[in-house]
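J.: Test case, fold it:
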Amino acid sequence: MRLSFRRVLYILLAIAGAWSLVSNQVFSGKSHVITWDSYGYYLYLPAALKYKDFSEFAFVQDHLQKYRPSDSSYQIFEKDGIKTPNYTMGLAILWVPFYLLAELWAQLDPRFPPDGLSQPYEWMVILAAFFWLTLGLIWLSRFLSRYLRESTTWVVLAILVLCTNLFHYVVSGPGMPHVYLFALYSGLLLLLQRMGSRPSMGQGVLLGACLAVMALCRPSEVLATILVLSWIWMNEGGWTGFRQHVQTNFRVYSLAILTGLIVISPQVMVWKWTTGQWIYNTYAAYGHKFDLLAPHLIDGLFSYRKGWLIYTPVMILSLAGLFLLRKRTPLWAPGIILFTAANIYIVLSWHIWWYAGSFGMRALVQSYAVLALPLGLAWDTWRGTSWRRSLIPAFVVLCGMLNLFQSWQLERGILKADEMNAAYYWEAFGRIKPDKSMMRLIDIPDRPDQPALYADLIAMHAADRDTTGTAEWIQNRPGWLVKGKDKYSPTIRIDITDSLAREWSEQWLKLQSTVLVGEDTAPGYSCALLVFQLQQKDGPGIWHGMQIPRLVEIGQWWPVEYEVRLPENLQAGDAIIAVIWVPDSPDNFWMNEIRLSRLFF
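T.: From the prediction side, this is the model:
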């Protein structure tokens, strides 16, 4: 059977749709996609269309109590009497028709309260993601069809959906802006291609609206103007043609600018109403910034935390395909190359370059529409004869398998949305079940290359031998309660002598403890930490703190441990400290024992 574009589109949507229905628990009525940042993009809709509240945003607290979209109302910026949404309203604009459908559903169906966040509203955001993905794929296929064979076009679409983290943001992150921006970039490319030298007034309206909504989704998407300007430049043959084109079509581009200003005006009015200023940058007010002089290029491209080419290796083909643009599609070459370079540079200059919880480098997902053309050129060129005919397709298939499997791992909690490192990545690689003990590798990635033959106990404190009367019985064991602000368990301290310095230099020690965690409410490093510290007179020393609650089963006695290698420059006068420290936690936490041992291999 010959595969047509329509069949390929149906297959891709069926795969993603089935995954989404299961992943988002649609059938069980437990969908929960308007959460965290997504709720920040979304809250404009209930604020404007239901509660008419752009002053206090009181409904946000009601949503937090009833639906728990996040742990706090961080989506509302509050400082010096100012209260305004943290995020801009681009996504809310694209969601308007879907919100209205959800509102109608909730009004007619007594099972769901029409409060702006019950299940119909969640379902409509899921539907919106698939609607815009479908539009994006249709627009992109029409754009690519002028430069690529039909078979190559559908291969490119399949690669983008199944082999990249676009898939994750369609099925598991429909409340984030990336799939919508992917569609808008696809539409922008098709629009520019069809504008030619004599754009119509209608095309001017679409151009202005598209660029404005993109900027309102993510302000950094103003980089899309590179594509517009470079396309006109190349299509008109340089500066002279560019100038004449703009002069000839001045009314079209004036209308585009006017349309863009109209689209942006509601955001400006919200800022004026809530802050008293026509433009207000909440990111700058929080201290967020771009490190333009020191971009995080290596980390952003190759690190195990969020490296783009680590988690989405198939895009190596797109980057390679950039070198083919000048020969195969010269009119697009400068724009796509310049946009890609500027986009990667700006995205990876953000000081929080890993972009919090995500799968891979999410801030680049929308640019896959622009990178689709070089991807197709690479597929056509290097899928030639002999060994290449098998190598490139095999690489793509492996990338697809990796992407889908790791997307599934992320949903199951085997991979983490943040804090990943090389040790944890390879420990989790191929696993089908989560293992709490792996979490130690996030805080303490180093460990011995081989199992120890035996461990020699150096020192310990055990509540079983407590003579102070401070231990209490809990679940059939004695334990010391460590709870509150800046609290410490009984502490092991070892002062290093000359003989110990010689004997222990570059040796491995193991720190172990048996603990019971009553609750887990303290965020991050405020919780109980298993701490190893080496204090050095003439060196940087060592400090490790492992977050205990995420390693254990709550309400059960549980062993926790990790290894530490001492440095070569260990010397007399240094000191080793082993302790459980609670920086600031209201949670009940008991320690039964803590011990420090030397390992022998």
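J.: Nearest residue to His544 in space, please, no chain neighbours.
T.: Phe532 (4.7 Å; CB to CB, 6 or more residues apart in numbering). C-beta here means a position set from N, CA and C on the backbone, and glycine is covered the same way.
J.: oh, I was asking about Val205
T.: Nearest non-adjacent residue to Val205 (CB to CB, 6+ apart): Thr259, at 4.9 Å.
J.: do the same with Lys436
T.: Nearest non-adjacent residue to Lys436, counting by CB to CB, 6+ apart: Leu551, 5.3 Å away.
J.: Next up, the contacts around that neighbour.
T.: The contact partners of Leu551, taken as CB atoms under 8 Å, 6 or more residues apart in numbering, are Lys436, Ser437, Met439, Arg440, Trp558, Val560.
J.: of these, buried ones?
T.: If you count burial by 16 or more other CB atoms under 10 Å, the buried members of the contacts of Leu551 come out as Met439, Arg440, Trp558, Val560.
J.: quick revisit: assess the claim that the residue nearest to Val205 and Gln203 are in contact.
T.: No: Thr259 is beyond contact range of Gln203, at 10.9 Å (criterion: CB atoms under 8 Å).
J.: which residues are common contacts for those two?
T.: In contact with both Thr259 and Gln203: no residue, using CB under 8 Å, 6+ apart.
J.: For whichever helix or strand the residue nearest to Val205 is part of, name the packing helices and strands.
T.: Using DSSP states H and E, Thr259 sits within helix 250-275. If contacts are counted by 3 or more CB pairs under 8 Å, 6 or more residues apart in numbering; DSSP states H and E, helix 250-275 sits against strand 82-85, helix 201-217.
J.: So what are the sheet partners of the first one and their directions?
T.: Just to be clear, that refers to strand 82-85. Using DSSP bridges, strand 82-85 pairs in its sheet with strand 76-79 (antiparallel).
J.: And the partner strand, how far out from the chain middle?
T.: Relative to its chain's centre, strand 76-79 lies at 23 Å (CA atoms, centre = their mean, to the nearest Å).
J.: for Leu570, what are its contacts?
T.: Ile496, Leu500, Ala501, Trp504, Ser505, Leu534, Gln536.
J.: scratch that, Phe601 is what I was asking about
T.: Pro448, Gln450, Ala452, Leu453, Trp508.
J.: number of nearby residues for the closest residue to Thr164 other than its chain neighbours?
T.: What sits nearest to Thr164 in space, not counting adjacent residues and going by CB to CB, 6+ apart, is Thr312, at 5.0 Å. When neighbours are counted by other CB atoms under 10 Å, Thr312 registers 25.
J.: surely Gly484 meets Pro583?
T.: No: counting by CB under 8 Å, Gly484 stays clear of Pro583, with 9.8 Å between them.
J.: out of these two, which sits in the more crowded spot?
T.: For Gly484 versus Pro583, neighbours defined as other CB under 10 Å are more numerous around Pro583 (16 against 13).
J.: Let's verify the more buried one: helix, strand, or coil?
T.: Following DSSP: H, G, I helix; E, B strand; the rest coil, the label given to Pro583 is strand.
J.: mind checking the backbone torsions on the residue of the chain positioned farthest from its centre?
T.: Of all residues in the chain, Thr467 has its C-alpha farthest from the mean position, at 50.1 Å, by CA atoms, centre = their mean. The phi and psi torsions at Thr467 (degrees, to the nearest 10) take the values phi -120, psi 0.
J.: dump the residue contacts of it.
T.: No contacts exist for Thr467 under CB under 8 Å, 6+ apart.
J.: Look up how far Lys272 lies from it.
T.: Going from Thr467 to Lys272 by CB to CB, to the nearest Å gives 68 Å.
J.: coming back round to it: can I get the helices and strands packed on helix 250-275 in CSV with mean pLDDT?
T.: CSV is the format used below for the helices and strands packed on helix 250-275 (pLDDT from 0 to 100):
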stretch, mean pLDDT
strand 82-85, 96
helix 201-217, 98
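J.: And these: which comes nearest Thr134?
T.: helix 201-217 (17.2 Å; CB to CB).
J.: Buried residues, the closest one. List them.
T.: By neighbour count on 16+ other CB under 10 Å, the buried set for helix 201-217 is 203-217.
J.: any idea how far that helix is from the chain center?
T.: 27 Å.
J.: same check, this time on stretch 311-320
T.: 18 Å.
J.: Next: stretch 560-573.
T.: With CA atoms, centre = their mean, you get 35 Å for stretch 560-573.
J.: circling back to that earlier point, and which of the buried residues of helix 201-217 is nearest Glu56?
T.: Using CB to CB, those come closest to Glu56 at Leu216, 23.5 Å.
J.: My read is that the closest one contacts Thr88, right?
T.: Yes: in terms of CB under 8 Å, Leu216 counts as a neighbour of Thr88; the distance is 4.8 Å.
J.: quick one, domains of this protein?
T.: The chain is divided into the following domains under automatic domain parsing: 5-411, 450-600.
J.: Minimum distance to Tyr424: which of these has it?
T.: domain 5-411 (7.7 Å).
J.: Quick one: end-to-end distance for the closest one.
T.: 30 Å (CA to CA, to the nearest Å).
J.: which ones are touching Asn249?
T.: Arg198, Pro199, Gly204.
J.: Specify the local secondary structure of the most centrally placed residue in the chain.
T.: Among the residues of the chain, the one closest to the centroid is Ser358, at 1.9 Å (CA atoms, centre = their mean). Assigned with three-state DSSP, Ser358 falls in the coil class.
J.: Please name the nearest non-neighbouring residue to it.
T.: Ala417 (6.0 Å).
J.: Verify the assumption that the one you found is located in a strand.
T.: No: membership of Ala417 in a strand is not supported by three-state DSSP, which gives coil.
J.: ok, it touching Arg362?
T.: No: counting by CB under 8 Å, Ala417 does not reach Arg362; the two are 9.8 Å apart.
J.: who's more crowded, the two?
T.: Arg362 (25 against 14).
J.: In contact with that one, which residues?
T.: Residues counted as contacts of Arg362 (CB under 8 Å, 6+ apart) are Asn165, Tyr169, Gly173, Met176, His178, Tyr355.
J.: sorry, back to before: mind checking which of the contacts of Leu570 are in helices?
T.: Those of these mapping onto helices are Leu500, Ala501, Trp504, per DSSP state H.
J.: which one of those is nearest Pro295?
T.: Looking across these and measuring by CB to CB, the closest to Pro295 is Trp504, at 41.2 Å.
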